[in-house]
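Colleague: sequence plus predicted model, see below.
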Amino acid sequence: MKDEFDGLVDHLLDGGLFLQQAIEILEKSMIQGALQRNHGNQCAAAKQLGIHRNTLQRKMVAYAVGGTHTRVRRKPMAHAGNPRKNKKKTGAA
């Protein structure tokens, strides 16, 4: 396995790839492979990769992996002011 990896490193260096490009290629390929092996199950894929599920999701968005099934999170709607301050007091004060 180490000999194959060393050969890959030599190939990448000979191809003129920078380290960041090689890292991105490796990460994207490993993420795609883990998702395929786990039938799209992100929790299982993250566990196999040894990363947190949130990290996997962030990298999936960065590398455009996983199609359009990524969930968009929305912030909850803000309240229109504090409702306790807006209530009028009734009765004699």
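Modeller: That came through, no problem.
Colleague: output the longest helix belonging to this structure.
Modeller: Determined from DSSP state H, the single longest helix within the chain is helix 19-37.
Colleague: rounded mean pLDDT for the helix or strand just after that helix, please.
Modeller: Later in the chain than helix 19-37, the nearest helix or strand by DSSP states H and E is helix 42-49. Average pLDDT, helix 42-49: 97.
Colleague: do the same with stretch 13-30
Modeller: 93.
Colleague: does residue 42 touch residue 58 like I think?
Modeller: No - using CB atoms under 8 Å, residue 42 is not in contact with residue 58; the gap is 11.4 Å. Bear in mind the C-beta positions are built from the backbone N, C-alpha and C, glycine included.
Colleague: neighbour count: the two, which is higher?
Modeller: Neighbour totals were compared for residue 42 and residue 58, and residue 42 leads with 19 against 12 (other CB atoms under 10 Å).
Colleague: what comes up buried for the helix or strand where residue 7 lies?
Modeller: Element membership of residue 7 [criterion: DSSP H and E] is helix 2-14. Residues of helix 2-14 classed as buried by neighbour count (16 or more other CB atoms under 10 Å): residue 12.
Colleague: tell me which residues are up against it.
Modeller: Here helix 2-14 makes contact (CB atoms under 8 Å, 6 or more residues apart in numbering) with residue 22.
Colleague: with just CA atoms, put that helix into PDB.
Modeller: What follows is helix 2-14 as a C-alpha-only set of coordinates in PDB (Å, rounded to 0.1, in the frame of the first residue of the first chain):
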ATOM      1  CA  LYS A   2       2.800   2.400   0.900                       C
ATOM      2  CA  ASP A   3       4.500   1.700  -2.500                       C
ATOM      3  CA  GLU A   4       1.300   2.500  -4.300                       C
ATOM      4  CA  PHE A   5       0.900   5.800  -2.300                       C
ATOM      5  CA  ASP A   6       4.500   6.700  -3.000                       C
ATOM      6  CA  GLY A   7       4.000   6.200  -6.700                       C
ATOM      7  CA  LEU A   8       0.900   8.400  -6.600                       C
ATOM      8  CA  VAL A   9       2.900  11.100  -4.800                       C
ATOM      9  CA  ASP A  10       5.600  10.900  -7.500                       C
ATOM     10  CA  HIS A  11       2.900  11.100 -10.200                       C
ATOM     11  CA  LEU A  12       1.300  14.200  -8.600                       C
ATOM     12  CA  LEU A  13       4.600  16.000  -8.200                       C
ATOM     13  CA  ASP A  14       5.600  15.200 -11.800                       C
END
